[in-house]
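1. just coords:
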């Protein structure tokens, strides 16, 4: 059940009736007619812009349309009043039975309440994390990992067929540096003194890898040049780092469907095939780019290169795909990788990048547009930096990495559930200050505690009621007399529950899972407010000692809140708390 969709359908039916009656002209499009919460809750339960968007094509005054629509809507028993406001907005108030119907739907559908067919089974690929396989994931990767995973879950909840994907950057020079760093640890494992030169990775996390390499090959590589060991050590080190990264992701409950290797694109004809596809469309040419203003990018050179006409698909300048010496640019394998995604038949692509990749957005969108003939949209979400604070000071160092805070550091400090929820309390493109002390604080100012406490409070109430001999099973609560929930505070909770299906669709359309966290906080606030009112008003207590019927109705309302909180936390990848410790 989506109450906002139901009322919008009622508005559309009413507009159709006005058209049939000759009040509105034939042929009007109702596509832009919306029904949503009013800006001020005091104005009503819902508002529609129908008269405003139809006035011009209907060649009529907005208020005239609004008044005619109000009269038509008033004939439906779900509408208790329809009032024209301002230039022609229409504010609606709904009958109490409507809110009772919402609660009944939540209890009937369980955590499926709010699920949507918005995606209609369309296939969407969400690529996230995709860190270089050169070390453990750091806190910046953590934000992208949490955001991408929550977004994938949100889209699945909204009816999309989602593939979670990790792109292994194992085709560039950084993997050779990794191999050399592991080789130094390998020599160290053989008792040799080593020095990590600039550019190598000195982190302690490679000590075990060097020892593992020694256990595998003995002293076979000692004293030999790179021509003997580089390729084998590179493969060994990459596999070891990916095992470490998978273990880090597992700490957050993240499971990928696909791990795609960049290396698989080289020497296999896949890059060539992607560029041939663009060439066949007249989008590849030989040319010299104008020198850029300001700082020169790495891929610019003042000589003829193989270029992609990315400007024909919205980019600012054309982009080189092959250097004058015949080597591929960094962009070429990225084109090939996205060509592979397009050929796999996805209807939509989403890439989660770090904020430092902002300059890559237009060129990647241009590439996907060109490769798919504009049929496959690509949305790129940038995750801004995370700063960690502890005891009021920025927390910078990692014991194992030496230069950065790892994902494991954060999870071990506050736990996976707190990590996930906290990182989703800001929009992805906003910077985030993660206070480790605040994350563990038990107060209203800590959103994850506040939401978890609401669910734990409900679970505790249901347990205590059951211990007192009151039936609290879902079947009993489904039969509760919900008409007894007439108090404003109770109806406010029901109204908030009614917003859940709409909120899911809005968040899914905009690829913004942080909206789920915001909603859960507001719902928890309404629940806590109702609970505290019960201290002074016995009729609002979840367990009403003077009325079993009122108790079952109150418990049904509380159970409905728990169901939606559990569904929302499930999308965020957070386990609902049944008790607080």
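-> Cool, got the structure. Here the structure is a predicted model, which is why all the values come from computation and not from measurement. Residues are numbered from 1 along each chain as shown.
2. give me every residue that touches the residue nearest the centre of the chain.
-> Among the residues of the chain, residue 151 comes closest to the average C-alpha position under C-alpha atoms, centre = their mean, at 2.5 Å. Going by C-beta atoms under 8 Å, 6 or more residues apart in numbering, residue 151 touches 126, 128, 350, 352, 381, 511, 513. Any C-beta I mention is one placed from the backbone N, CA and C, and that applies to glycine too.
3. apply 10 Å and report the result again.
-> 124, 126, 128, 162, 164, 350, 352, 379, 381, 424, 428, 507-508, 511-514, 571 (C-beta atoms under 10 Å, 6 or more residues apart in numbering).
4. pretty sure residue 139 is touching residue 434, no?
-> Yes. The criterion here is C-beta atoms under 10 Å, and residue 139 meets it with residue 434 at 7.4 Å.
5. any common contacting residues for the two?
-> Listed as contacting both residue 139 and residue 434 by C-beta under 10 Å, 6+ apart are 386-388, 395, 405, 410, 419, 423.
6. and the worst-scoring helix or strand of the chain on mean pLDDT, what other elements does it pack with?
-> In the chain, the helix or strand scored least confidently by mean pLDDT, DSSP states H and E is strand 393-394, which has a mean of 86. Using 3 or more C-beta pairs under 10 Å, 6 or more residues apart in numbering; DSSP states H and E, no helix or strand is in contact with strand 393-394.
7. what's that strand in contact with?
-> Identification of contacts with strand 393-394 by C-beta under 10 Å, 6+ apart yields 387-388, 433.
8. which parts of the helix or strand just after it are buried?
-> Counting by DSSP states H and E, the element after strand 393-394 in chain order, helix or strand, is helix 407-414. If you call a residue buried by 16 or more other C-beta atoms under 10 Å, then helix 407-414 has these buried ones: 407-411, 413-414.
9. stretch 11-21 too?
-> Of all the residues in stretch 11-21, those buried under the rule 16+ other C-beta under 10 Å are 11-12, 14-15, 18-19.
10. also stretch 318-333?
-> Within stretch 318-333, judged by 16+ other C-beta under 10 Å, the buried ones are 318-322, 328-329, 331-333.
11. same question for stretch 458-465.
-> Buried, per 16+ other C-beta under 10 Å, within stretch 458-465: 458-459, 461-462, 465.
12. can you list the residues you listed in CSV and add secondary structure and pLDDT?
-> Formatted as CSV, the buried residues of stretch 458-465 follow (DSSP: H, G, I helix; E, B strand; the rest coil; pLDDT from 0 to 100):
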residue, secondary structure, pLDDT
458, helix, 98
459, helix, 97
461, helix, 96
462, helix, 97
465, helix, 96
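13. let me have the residues you listed in CSV, extended by distance to residue 199.
-> What follows is the buried residues of stretch 458-465, written out as CSV (distance: C-beta to C-beta, whole Å):
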residue, distance to residue 199
458, 55
459, 54
461, 59
462, 59
465, 64
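14. nearest to residue 180, of those?
-> Closest approach between those and residue 180, by C-beta to C-beta: residue 459, at 54.1 Å.
15. report the contact partners of that closest one.
-> 558-559, 562, 566, 576-580.
16. measure it to residue 558 for me?
-> 9 Å (C-beta to C-beta, to the nearest Å).
17. and the protein, what are its domains?
-> 3-94, 447-572 (automatic domain parsing).
18. on that earlier part again, what would the buried residues of stretch 11-21 look like in TSV with secondary structure, distance to residue 261 and pLDDT?
-> Converted to TSV, the buried residues of stretch 11-21 look like this (DSSP: H, G, I helix; E, B strand; the rest coil; distance: C-beta to C-beta, whole Å; pLDDT from 0 to 100):
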residue	secondary structure	distance to residue 261	pLDDT
11	helix	52	98
12	helix	50	98
14	helix	57	97
15	helix	54	97
18	helix	60	97
19	helix	58	97
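19. any idea how far stretch 194-212 is from the middle of the chain?
-> Offset of stretch 194-212 from its chain centre (C-alpha atoms, centre = their mean, to the nearest Å): 35 Å.
20. if you count neighbours, what's buried in that stretch?
-> Across stretch 194-212, burial judged by 16+ other C-beta under 10 Å covers 194, 200-201, 203, 205-206, 209-210, 212.
21. and these, which is closest to residue 500?
-> Nearest to residue 500 among the buried residues of stretch 194-212, with distances taken as C-beta to C-beta, is residue 205, at 42.5 Å.
22. poorly predicted segments of the stretch 401-550 of the chain, please.
-> 401-403 (pLDDT under 70).
23. just the ones of the contacts of residue 459 in strands?
-> Nothing among the contacts of residue 459 maps onto strands, per DSSP state E.
24. which parts of the stretch 201-350 of the chain are helices?
-> For the stretch 201-350 of the chain, the helices defined by DSSP state H, counting those that start in this stretch cover 207-217, 226-251, 270-279, 331-343.
25. meant to ask about the stretch 351-500 of the chain, not that
-> In the stretch 351-500 of the chain, the helices defined using DSSP H, counting those that start in this stretch lie at 361-371, 407-414, 416-423, 436-439, 447-467, 474-478, 488-498, 500-510.
26. still on that earlier bit, give the pairing partners of the least confident helix or strand of the chain; include direction for each.
-> Counting by DSSP bridges, the strands paired with strand 393-394 are strand 386-390 (antiparallel).
27. which residues sit against the partner strand?
-> Outside strand 386-390, the residues that reach it (C-beta under 10 Å, 6+ apart) are 138-144, 394-396, 405, 409-410, 413, 422-423, 426, 431-439.
28. next, the buried residues of that strand.
-> 386, 388.
29. poorly predicted segments of the stretch 251-400 of the chain, please.
-> Applying pLDDT under 70 to the stretch 251-400 of the chain flags residues 294-300, 396-400.
30. if we can go back for a sec, from the buried residues of stretch 458-465, which single one is nearest residue 249?
-> residue 459 (29.3 Å).
31. please report how far the residue nearest to residue 254 when sequence neighbours are not counted lies from residue 166.
-> Excluding its sequence neighbours, the residue lying closest to residue 254 (C-beta to C-beta, 6 or more residues apart in numbering) is residue 149, at 4.9 Å. As defined by C-beta to C-beta, residue 149 lies at a distance of 11 Å from residue 166.
32. same question for residue 359.
-> Going from residue 359 to residue 166 by C-beta to C-beta gives 22 Å.
33. between the two, which one's more packed in?
-> A direct count of neighbours by other C-beta atoms under 10 Å for residue 359 and residue 166 places residue 166 higher, at 24 against 9.
34. right, and the more buried one touches residue 257 too?
-> Yes. With contact defined as C-beta under 10 Å, residue 166 reaches residue 257; the gap is 9.0 Å.
35. hmm, back to that, closest one to residue 45 among the helices of the stretch 351-500 of the chain?
-> Of all the helices of the stretch 351-500 of the chain, it is helix 488-498 that lies closest to residue 45, at 6.7 Å by C-beta to C-beta.
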